[in-house]
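Engineer: coords please:
(chains A, B, C and D)
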Protein chains: 2
Amino acid sequence: MSASASDVLIRSLPPARKTFRHGDLRRALLEAGIELARSGGPGAVVLREATRRAGVAPNAAYRHFASHGALLQAVRASAISSLAMAIESEMAAVRRRKTSSASAARAALRAVGTGYLKFAVTETGLFRTSFSVPDEVERDLDDAKAGRSGLNPFQLLGLALDLMVESGVLPRERRRGAEYLAWSAVHGLAFLIIDGPLGSASDSEVFALSERVLLMVEKGL
Amino acid sequence: MSASASDVLIRSLPPARKTFRHGDLRRALLEAGIELARSGGPGAVVLREATRRAGVAPNAAYRHFASHGALLQAVRASAISSLAMAIESEMAAVRRRKTSSASAARAALRAVGTGYLKFAVTETGLFRTSFSVPDEVERDLDDAKAGRSGLNPFQLLGLALDLMVESGVLPRERRRGAEYLAWSAVHGLAFLIIDGPLGSASDSEVFALSERVLLMVEKGL
DNA sequence: CAAACAAAATGTACACTGTCCACAACTATT
DNA sequence: AATAGTTGTGGACAGTGTACATTTTGTTTG
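Structural biologist: Prediction:
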């Protein structure tokens, strides 16, 4: 039959799957959503566009996600996981030195902060998506939000703080709730950089400011 | 003519203005937008709903705002102004004591922080709207974003820091960029409370944490 | 004072979104 | 091979922002 002509038309834009079944539509939709979030933030992850990119009718999405919100949540979980991995890789780059010493503990906390900030600057869309909606990451055991270590960003921060207690840098009585102090400062700075008045600051200014914030955290914990 | 029947229908919901001209539609739309933002955050300020509340056709808005985004910006400016006023009133409650002493300067900075946090908790929708989009408040002379003093939140913070330098609490060489350190910490905490893992924390926990963050800022500046 | 004009509203229309429902195509099971 | 269940399609609807043409109105003139 004359498949060539219509094939050209069809193949022009969409992936043009040949089988009726897609095979792994859920993953395809999720990845499309992630890509949308990466380049446009949470507001850009629109259900119909995801189905379009997957080469599928809009309603097909509802076989895999209960609603647009459910898709967004899945994308968000993935974004948080990416953040965790960014932090992990920053920590790994540091841990190659001596272990459990005071300076190592400080370096670990610092790595969490710089990983967090780097991710915010580098993957702004995903970072925004990570915090586009209320959530409790504290005792959230969802693996989709964890990095390779199985820990989510909040837990990685807790780990660094535990190290500081063990090495005597942080008095044990100040350990409780310390996550929130550190996270507040670093998250606030990240926000000021990507959404606030620091948006037009130079890289070196941002770097200098990051150093000061991390120092403030160390001193003020 | 039989105006009674249709009048009942019309009068049922909308403000039912009788003149063709509205009189002050711009203000009406802005106030409707503010109300929407207050109760639902930035996403809830939808142009058509604002016109509905003003008792006017959707397109009427375009005589006063170039786009939905323009309306949102106006709402946002007003939200920032409200934030400034919240900070101002907190500062005023403190300044009744001794002036220009070290403790007064510290109290001023503290007032900025608590005003900021109170506003975030009390007027969550407006607070979210204030930071729903990139902006530079630093040298923004827009009066719509200022409080009664004519200063916007960022400038109020700067003022408090200036006081600290004058009273010798803050070494002059650490003054530059200190706004960002303080703002980072407090803004981050505000976010954790309203959108993050601290959403389910009790009031007393939040209060205690706020104290610690403000202390961290004082120590770490 | 009537006529002309600019401003402010309306009405219609379009593209786009999320989502519901009925139906078709395919797979797996009996 | 018949049947049931899953996964996709097609059509429809309400809701959004917004462009265009049109009507209503207050103001400014001749």
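
Engineer: Now residue A:150. Nearest residue, chain neighbours left out?
Structural biologist: Taking C-beta to C-beta, 6 or more residues apart in numbering or on different chains, and ignoring the residues beside it in sequence, residue A:150 has residue A:143 as its nearest neighbour in space, at 7.0 Å. For the C-beta atoms, the positions are set from N, CA and C on the backbone; glycine is no exception.

Engineer: Kindly report the same for residue A:109.
Structural biologist: For residue A:109, ignoring the flanking residues on the chain, the nearest one in space by C-beta to C-beta, 6+ apart is residue A:160 at 4.3 Å.

Engineer: Could you do residue A:194 as well?
Structural biologist: Residue A:194 sits nearest to residue A:124 (C-beta to C-beta, 6+ apart), 5.1 Å away.

Engineer: what's the answer for residue A:120, then?
Structural biologist: In this structure, residue A:120 finds its nearest non-sequential neighbour in residue A:190, 3.8 Å apart by C-beta to C-beta, 6+ apart.

Engineer: what residues are up against that neighbour?
Structural biologist: Contacts here follow C-beta atoms under 8 Å, 6 or more residues apart in numbering or on different chains; on that basis residue A:190 touches A:116, A:117, A:120, A:121, A:127.

Engineer: Of those residues, which is the most crowded?
Structural biologist: residue A:127 (28 neighbours; other C-beta atoms under 10 Å in any protein chain shown).

Engineer: helix or strand right after whichever helix in chain A runs longest?
Structural biologist: Assignment by DSSP state H gives helix A:68-95 as the longest helix of chain A. Sequence order places helix A:102-122 as the next helix or strand after helix A:68-95, per DSSP states H and E.

Engineer: list the buried ones in that next one?
Structural biologist: Going by neighbour count (16 or more other C-beta atoms under 10 Å in any protein chain shown), the buried part of helix A:102-122 is A:104-120.

Engineer: Name the residues of chain A found near DNA strand D, please.
Structural biologist: Residues of chain A lying close to DNA strand D by C-beta under 7 Å from any atom of the strand are A:20, A:21, A:22, A:23, A:25, A:56, A:57, A:58, A:59, A:60, A:63, A:64.

Engineer: Just the buried residues out of those, in ChimeraX syntax.
Structural biologist: Applying 16+ other C-beta under 10 Å to these, the buried members can be selected in ChimeraX as follows:
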select /A:22,25,56,64
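
Engineer: now the residues of chain A next to DNA strand D as JSON lines including distance to residue A:85, secondary structure and pLDDT?
Structural biologist: Shown next, in JSON lines, are those (distance: C-beta to C-beta, whole Å; DSSP: H, G, I helix; E, B strand; the rest coil; pLDDT from 0 to 100):
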{"residue": "A:20", "distance to residue A:85": "36", "secondary structure": "coil", "pLDDT": "77"}
{"residue": "A:21", "distance to residue A:85": "32", "secondary structure": "coil", "pLDDT": "82"}
{"residue": "A:22", "distance to residue A:85": "28", "secondary structure": "coil", "pLDDT": "85"}
{"residue": "A:23", "distance to residue A:85": "27", "secondary structure": "coil", "pLDDT": "86"}
{"residue": "A:25", "distance to residue A:85": "25", "secondary structure": "helix", "pLDDT": "97"}
{"residue": "A:56", "distance to residue A:85": "29", "secondary structure": "coil", "pLDDT": "97"}
{"residue": "A:57", "distance to residue A:85": "33", "secondary structure": "coil", "pLDDT": "97"}
{"residue": "A:58", "distance to residue A:85": "32", "secondary structure": "helix", "pLDDT": "98"}
{"residue": "A:59", "distance to residue A:85": "33", "secondary structure": "helix", "pLDDT": "98"}
{"residue": "A:60", "distance to residue A:85": "30", "secondary structure": "helix", "pLDDT": "98"}
{"residue": "A:63", "distance to residue A:85": "29", "secondary structure": "helix", "pLDDT": "98"}
{"residue": "A:64", "distance to residue A:85": "24", "secondary structure": "coil", "pLDDT": "98"}
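
Engineer: Make a markdown table from the residues of chain A next to DNA strand D and add distance to DNA strand C to it.
Structural biologist: Listed next are those as a markdown table, based on distance: C-beta to the nearest atom of the strand, whole Å:
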| residue | distance to DNA strand C |
| --- | --- |
| A:20 | 3 |
| A:21 | 5 |
| A:22 | 11 |
| A:23 | 9 |
| A:25 | 13 |
| A:56 | 12 |
| A:57 | 9 |
| A:58 | 4 |
| A:59 | 4 |
| A:60 | 9 |
| A:63 | 9 |
| A:64 | 12 |
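
Engineer: Would you mind checking the average pLDDT for stretch A:214-221?
Structural biologist: Mean pLDDT, stretch A:214-221: 92.

Engineer: One more: stretch A:183-190?
Structural biologist: For stretch A:183-190, mean pLDDT rounds to 97.
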